[in-house]
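# Following is a predicted model, sequence given first.
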Amino acid sequence: MRNNIIAIIAILFVTVGALWGIGNLLKPAQQEPVNVEGILLIAQNGAFNGTNPDIKVSPNVPKKLVVLNKDTVTHDLIIEDETRNILNINTAPLRPEQHFNAAVLAYQAGTYTYYCSYHPEMRGSIIAQ
Ligand SMILES: [Cu+2]
């Protein structure tokens, strides 16, 4: 009788342990939230964010870039550097309410230009230092 009770308790421990182990396996791994520092450029009224702001980055540290057209006309955003010291970007034409996800990634320190090919006055600098 006593041996039976010990055996039952032992089986219970094994069963609970196995279920606990399976539960841990089934539970999706906890993921740490990732903070992506980013830039939102809104094309509106013939400018990006009203002021065509300078974008500051560190070399070889990508920064998320979202370009959103909140205007009534088509815009785009181009980064085109012949030295290829920065990742070149061409959003293609963005019609009203369209957006484009990209990353600003400078490989070398320097000052680069972003612009809208439709509106030459929509132009700003990317400063990598
Ligand atoms: Cu434009």
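Good, I have the coordinates.

# The host helix or strand of Tyr112 pairs with which strands?
Counting by DSSP states H and E, the element that carries Tyr112 is strand 110-115. For strand 110-115, the paired strands and their directions (DSSP bridges) are strand 78-79 (antiparallel), strand 123-128 (antiparallel).

# Distance to the ion for those strands - can I get that in JSON lines?
C-beta coordinates here come from the backbone N, C-alpha and C atoms, glycine included. Converted to JSON lines, the strands paired with strand 110-115 look like this (distance: least, Cβ to the ion, whole Å):
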{"stretch": "strand 78-79", "distance to the ion": "10"}
{"stretch": "strand 123-128", "distance to the ion": "10"}
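
# can I get the ones you listed in TSV with mean neighbour count?
Shown next, in TSV, are those (neighbours: other Cβ atoms under 10 Å):
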stretch	mean neighbour count
strand 78-79	18
strand 123-128	18
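
# Can you say which of these is nearest to Phe48?
Using Cβ to Cβ as the measure, strand 123-128 is the one of the strands paired with strand 110-115 that comes nearest Phe48, at 6.2 Å.

# Cool, thanks, talk later.
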